[in-house]
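A.B. asks: please work out how this folds:
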Amino acid sequence: MAIIVVALGGNALQREGNASAAAQKAVACETAVKLAAIVSQGHQLIIVHGNGPQVGNILLAQHAIESTEIPALPLDTCVAMTQGSIGYWLQQALNNEFQKKNLNKQAVSITTQMVVNKDDPKFLSPDKPVGPFYNSKAEAMNAADGQAYTFHEDSGRGWRRVVPSPAPIAIVETDAIKALINAGVIPIVAGGGGIPVIKQADNSLQGIEAVIDKDSSAALIAELLGADQFIILTAVSTVMLGFGTPEETALERVSSDDMTRYIDDGQFGAGSMLPKVRAAQQFVNHSGNNAIIGELKEIEAIMAGQAGTTIIP
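C.D. replies: A predicted model of the protein is given here:
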């Protein structure tokens, strides 16, 4: 049995152009079929999911109805809301699939807090994309309707709002997650990267407005829980050099050192592939085990070593 941390991208849980709850639940059901197949092979999964599109849509909805009577909720609370909704969809879909397969397994979603440093420089330079894509900066600013939002162009795909994304340094619920794993439960944790919190002088916790990169959180979880493998599932089949150019080349197996050179060459988009590559490197460098970046629909081939990009020590 291998302990495998799987990180699901928020965009991998939402079909382009259809953000309805029904559509996202349908995608969650398709995802559950793939993940349950891995569990049926005897592996212990730990599932982390993104929330970029979902939390951005919640923020837009909050802004649309904000008034004295209905004040907008802070960003950390919006992250918690996505943990509840996406975790519910995945938990229900997985448990339904386990029942179909007669697997004596249960998935449980945990509201997960991640400790960050209140002095993290990322609070001064927001760069984490959330919410929908806009065709131009003008369209994005118009949607902001006077709010002091920051927008960046996202790897040629359009303009998106960006928010602070501090690095995770500790998981508040580590012991609870370990207890579930020891009981054979499939935990769904750190949704959207986890709810960002800071420690006060008296060691109490306080939420802070930010969105943590879910791949960074997943890498930390994989490291702390002693995972044998770390898989980042996204909307593309492999990591590419020269992405979107005639010289586009797929990477199949690459060392962490080579990845560092590609990063230094500016090969990966800051809002798309770069955080995934860095998270994979973090796990590989600290654990000595492999990490894989690949497409959700190819998870079985990824498990067989026949798809995706494998990063090795």
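A.B. asks: what does residue 7 show for phi and psi?
C.D. replies: Here is the backbone geometry of residue 7 (degrees, to the nearest 10): phi -110, psi 120.
A.B. asks: distance check, the closest residue to it other than its chain neighbours against residue 9.
C.D. replies: Distances taken as CB to CB, 6 or more residues apart in numbering put residue 218 closest to residue 7, at 3.9 Å, once the chain neighbours are dropped. For every residue, glycine as well, the C-beta is placed using N, CA and C. Counting by CB to CB, to the nearest Å, the gap from residue 218 to residue 9 is 11 Å.
A.B. asks: please enumerate the helices of the stretch 51-200 of the chain.
C.D. replies: 52-65, 75-100, 137-144, 174-182 (DSSP state H, counting those that start in this stretch).
A.B. asks: which elements pack onto the second one?
C.D. replies: Identification of packing neighbours for helix 75-100 by 3 or more CB pairs under 8 Å, 6 or more residues apart in numbering; DSSP states H and E yields helix 21-39, strand 44-49, helix 52-65, strand 107-109, strand 186-189, strand 195-199.
A.B. asks: distance of the closest residue to residue 135 other than its chain neighbours relative to residue 131?
C.D. replies: Once flanking residues are discounted, residue 135 sits nearest to residue 158: 5.9 Å by CB to CB, 6+ apart. Relative to residue 131, residue 158 is positioned 11 Å away (CB to CB).
A.B. asks: neighbour count: those two, which is higher?
C.D. replies: Legend: neighbour count by other CB atoms under 10 Å for residue 158 and residue 131, higher for residue 131 (22 against 17).
A.B. asks: with adjacent residues omitted, what lies nearest to the more buried one?
C.D. replies: Nearest to residue 131 is residue 56, by CB to CB, 6+ apart, at 2.0 Å.
A.B. asks: residue contacts, that neighbour?
C.D. replies: 130, 131, 132, 160, 161 (CB atoms under 8 Å, 6 or more residues apart in numbering).
A.B. asks: can you check residue 147 too?
C.D. replies: residue 63.
A.B. asks: number of residues surrounding the spatially closest residue to residue 296 that is not a sequence neighbour?
C.D. replies: Using CB to CB, 6+ apart and skipping residues adjacent in sequence, the residue nearest residue 296 is residue 233, 4.4 Å away. Here the count is done by other CB under 10 Å, and residue 233 has 27 residues near it.
A.B. asks: give me the pLDDT for residue 233.
C.D. replies: Looking at residue 233, its pLDDT reads 95.
A.B. asks: and the strand or helix carrying it, what does it pack onto?
C.D. replies: Counting by DSSP states H and E, the element that carries residue 233 is strand 229-234. Packing partners of strand 229-234 (3+ CB pairs under 8 Å, 6+ apart): strand 3-8, helix 214-224, helix 273-287, strand 291-295, helix 299-303.
A.B. asks: circling back: which one of the contacts of residue 56 sits closest to residue 227?
C.D. replies: residue 130 (26.9 Å; CB to CB).
A.B. asks: spatially nearest residue to the closest one, not counting backbone neighbours?
C.D. replies: residue 56 (3.8 Å).
A.B. asks: rewinding a little: could you dump the helices and strands packed on strand 229-234 to JSON lines with distance to residue 261 and mean pLDDT?
C.D. replies: Converted to JSON lines, the helices and strands packed on strand 229-234 look like this (distance: least, CB to CB, whole Å; pLDDT from 0 to 100):
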{"stretch": "strand 3-8", "distance to residue 261": "24", "mean pLDDT": "97"}
{"stretch": "helix 214-224", "distance to residue 261": "20", "mean pLDDT": "97"}
{"stretch": "helix 273-287", "distance to residue 261": "12", "mean pLDDT": "96"}
{"stretch": "strand 291-295", "distance to residue 261": "17", "mean pLDDT": "97"}
{"stretch": "helix 299-303", "distance to residue 261": "24", "mean pLDDT": "93"}
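A.B. asks: of the ones you listed, which is nearest residue 93?
C.D. replies: With CB to CB as the criterion, residue 93 lies closest to strand 3-8 of these, at 11.9 Å.
A.B. asks: pull the closest one out as CSV, backbone CA atoms only.
C.D. replies: The C-alpha coordinates for strand 3-8 follow below in CSV (Å, rounded to 0.1, in the frame of the first residue of the first chain):
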residue,chain,number,x,y,z
ILE,A,3,0.3,6.7,0.7
ILE,A,4,-0.5,9.1,-2.1
VAL,A,5,-1.4,12.8,-1.9
VAL,A,6,-3.5,13.9,-4.9
ALA,A,7,-3.9,17.6,-5.6
LEU,A,8,-6.9,18.5,-7.8
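A.B. asks: quick one: it to helix 174-182, angle?
C.D. replies: Going by axes from the mean of the first three to the mean of the last three CA atoms, to 10 degrees, strand 3-8 is angled at 110 degrees with respect to helix 174-182.
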